[in-house]
Every structure is written in C-alpha cells, then in structure tokens.
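**Student:** Provided below for reference: sequence and predicted model.
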Amino acid sequence: MNRVVVTGMGAVTPIGNNVEAYWEGLKEKKLGFGPITTFDTAEYKAKLAAEVKGFDPKEYMDAKTARRMERFSQLAVAASKQALDDAGLVMEGEDPYRVGVCVSSGIGSLQIIEKEYRKLLEKGPNRVNPLLVPLMISNMAAGNISIQFGLKGKNINVVTACASGTNSIGEAMRAIQHGEVDVMVAGGTESSITPIAVAGFSGLTALSNSEDPARASIPFDAERNGFVMGEGAGVVVLESLAHAKARGARIYAELVGYGATADAFHITSPAEDGSGAARAMENAIREAGIRPEEIDYINAHGTGTHHNDLFETKAVKQVFGDYAYHVKISSTKSMIGHLLGAAGGVEFIACVKSITDGFVHATAGLTVDDPDCDLDYVKGEGIAMPVRYALSNSLGFGGHNASLLVKRFEE
C-alpha cells in the first residue's frame, strides 16, 4: 500500500489568512473572537463569533469567478491555491486524472438560502437566483477547486458535520493508499455565521453566551459553556511518497493512521463513555503500527461544551490508560472557535506544524481546573518539545468520530 505524505498546506482562519500567520497566532495565543458583524445580534443569546478578517477573494480568482461562488467556496479555493503553490505542484506536468479533491463543507451556504428565501416570499419564485442551487450545495467547494485548478481525479465531499474536514483528509489518504490517484487536495471549509445558524446552534445550547472574548471559548475549563462559531478553510496536498519523491517535493510529514467510527447513540451528544471516539483513535494507532505511548501530542476536538470535553477526556483515558496523564493535549478551538466542517482541516495543519516546528500550542483561556477534566491540556503557555507523532480528533453531530495520526517524516 502506498505511503502518504503531506507536501503543501493552505489556511484561511480567524487569526490569519495563511498558514504562517495562523501558526504564529496559535503560538502567541491570539484570540480570533469578536462581536458578530454580519447581522444584528440584539435578539440573539450568542453575540461573539470568530470571523475571518480582511479576506479578499480577488487575491485568488477573478471578480466574475468570485461572484459565482459563495463564501465557503471562495475560502476553499483560496486555501487550495495556497496549498498547491506551497507544494510546488505544476499541473502541466501531471496527469490531471491522477490529481483529486476531497475538500468538504458540513453545511454549504446558509447565506444564499436566507437571501433567496426572503426574495421568494417578497417577490415570488421567478425572482429567485437561477444559480441558487450551485451556490448553495456543500459539494461546490470541491467542484470549484477542481474547475479552478484543472484537477480531474476523484472528487468527493464528505459531509459528517464537525468531522467533515478530518474524514476528508482520511478518505483522501485512502484514495492514495489504494492507487486511485497520486495526489489529493484535501481538507474542509465553512462559513455559516448567519442568523439561522446562530439561532439554531443557540437553540441546542451549544454556543457560548459569554461576551468576553477571553472567556467565550474555554475548552476543558470548569466554567466552559459552549463553543464560539468560527469560519475558514484548511487544505493540504497529500501525495504518495513515490510521487512526491519523483518530483523532488519537500515533505512536511507522513500521514500514517486514520480511524473512523460512529457512536450510534444520540444526534448531538457524544457517547457518554467516550467509546466511539476511543475506537477511532485506537484504529488510527493500530494502522500506524505503534503503541499509544509513542504519541506526543493530541489535538483534541475540544469544543468547550460540557459534554464534549468530558466525554473526550474519558475517551483519551480509555485509549491511553496511565499514559493519558503524560501526553500533551490542546484545543485549537480555544483561539479560532469551532470552524465546523473546516475544523479538522485547520487542526490537522496545526498538528503538522507541531511536528515541523517542535512546538505544542496552549489551550488559551483555560484557567479554572475541572476535576473531571484532569489531563495535561497545556494550560498557560505553549511548550517547545520534539513531536514525532501527533493525533487529531474530530467528533461530529450524528455520532461521527474521526482521528488522523501524523508522523514526522523519516525515510
């Protein structure tokens, strides 16, 4: 089976619109939270979000093309361009049918649905935008990426809510392992900071009502009360090792394990014993052929909701036993919020950067210890340390669990 390596990365996030700005922000514990600017929140319980700032799609595509994409697709194309440029992949030298895409969105565009539904009610069905459907549907991020860059290989969109980005990278890995393609552009994208989304997630009591950016997204903290919705995109270029070597590509890391399970328990709550998430981690570790004690860092799903953090902690203890108290764990969401379908993409990039830079970022905002969340969540400052193996977890509504295991590249 083909070995799979990471050769390019691209990110548009609430704390930086490229990988380096994003990573420096994580190291500095920069918070991406602020008052929602896209609509009036006077009647809404949740007032804060983690918005992408200063993003101009025309830096990545022409104006006409940008107008034919909703924001989630624009963010995906931008992150993909960054990743392809970073990888130095020249499509003129590739068989386009051997280069695929798996960049997913959990929701697609709620913005265009809200806008066109108002139009439908006020002006009638004949005034609805004829491009409503291709602007709205969640697979159009992957579709637009393939069109923009001429990628004709396997093109899929894995919709597993908050696990979409992680499943996408895992399924892309499988396509390369089995020889379907040589290269996959993979990750997640989301932009759903809209009235209906904020109202809906608030109705589930999933969103933090805090108006203090420093106390809004506080995973594993005893005072946590929900997540802050974010937006953005995280995309990587994955290649077979043979293909990467043949073209002299720089290799960041190797993807050595992928586990995916279902809780079969509840539509929004993880399994209370953490068993589904535990098995996903175990499967990724088993595929890599290593012992749990060899893992240096876990990038937790770590949303900041009471149930998620408690049950994920239980899952880690199931998998790692006594070593659970020694592995470093942190939540990227403590700084950028929950990017929903994009979360797994940007968090996987954080794992790769932890390996290449020898640094584990802190869980920002974690100050009040919870006796039930008693592991090492990197409270305070980040830690400079060698990282050989890093595990990234994502847990989605519907009981979707996914884990990716990435390793420092070694011949």
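**Tutor:** Great, that's in hand.
**Student:** Measure how buried residue 65 is and give me the count.
**Tutor:** 17 (other Cβ atoms under 10 Å). No exception for glycine: its C-beta is placed from N, CA and C like everyone else's.
**Student:** For it, give me the pLDDT.
**Tutor:** pLDDT, residue 65: 96.
**Student:** do residue 269 as well
**Tutor:** pLDDT recorded at residue 269 is 86.
**Student:** Please apply the same query to the one 10 residues further on.
**Tutor:** On pLDDT, residue 279 comes in at 98.
**Student:** which non-adjacent residue is nearest it?
**Tutor:** residue 261 (4.7 Å; Cβ to Cβ, 6 or more residues apart in numbering).
**Student:** give me the element that neighbour is part of.
**Tutor:** For residue 261, the host element (DSSP states H and E) is strand 253-262.
**Student:** what do you get for residue 347?
**Tutor:** Counting by DSSP H and E, residue 347 is found in helix 343-357.
**Student:** tilt between that helix and strand 253-262?
**Tutor:** Calculated by axes from the mean of the first three to the mean of the last three Cα atoms, to 10 degrees, helix 343-357 forms an angle of 150 degrees with strand 253-262.
**Student:** follow-up on the earlier one: wait, the residue nearest to residue 279 sits on residue 282?
**Tutor:** No - here residue 261 lies out of contact with residue 282, judged by Cβ atoms under 8 Å, at a distance of 9.1 Å.
**Student:** Only alpha carbons, please: show the strand holding residue 261 as PDB.
**Tutor:** The C-alpha trace of strand 253-262 is given here as PDB (Å, rounded to 0.1, in the frame of the first residue of the first chain):
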ATOM      1  CA  ALA A 253       5.100  14.900   7.500                       C
ATOM      2  CA  GLU A 254       3.700  11.500   6.800                       C
ATOM      3  CA  LEU A 255       0.000  10.500   7.400                       C
ATOM      4  CA  VAL A 256       0.200   7.100   9.000                       C
ATOM      5  CA  GLY A 257      -3.200   6.400  10.500                       C
ATOM      6  CA  TYR A 258      -6.900   7.100  10.100                       C
ATOM      7  CA  GLY A 259      -9.800   5.800  12.200                       C
ATOM      8  CA  ALA A 260     -13.500   6.500  11.800                       C
ATOM      9  CA  THR A 261     -16.400   5.200  13.800                       C
ATOM     10  CA  ALA A 262     -20.000   6.000  14.800                       C
END
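**Student:** residue contacts, residue 252?
**Tutor:** 5-7, 9, 352, 355-356, 409 (Cβ atoms under 8 Å, 6 or more residues apart in numbering).
**Student:** right, I mislabeled it, should have said residue 91
**Tutor:** 99, 149-151.
**Student:** and if you look at residue 381?
**Tutor:** Residue 381 touches 29, 362, counting by Cβ under 8 Å, 6+ apart.
**Student:** tell me the secondary structure for it?
**Tutor:** coil (DSSP: H, G, I helix; E, B strand; the rest coil).
**Student:** before we move on, the earlier item: report the buried residues of the helix holding residue 347.
**Tutor:** 343-356 (16 or more other Cβ atoms under 10 Å).
**Student:** on that earlier part again, for the contacts of residue 252, which one is nearest residue 186?
**Tutor:** residue 6 (9.6 Å; Cβ to Cβ).
**Student:** Determine the number of other residues adjacent to the closest one.
**Tutor:** Counted with other Cβ under 10 Å, the neighbours of residue 6 add up to 30.
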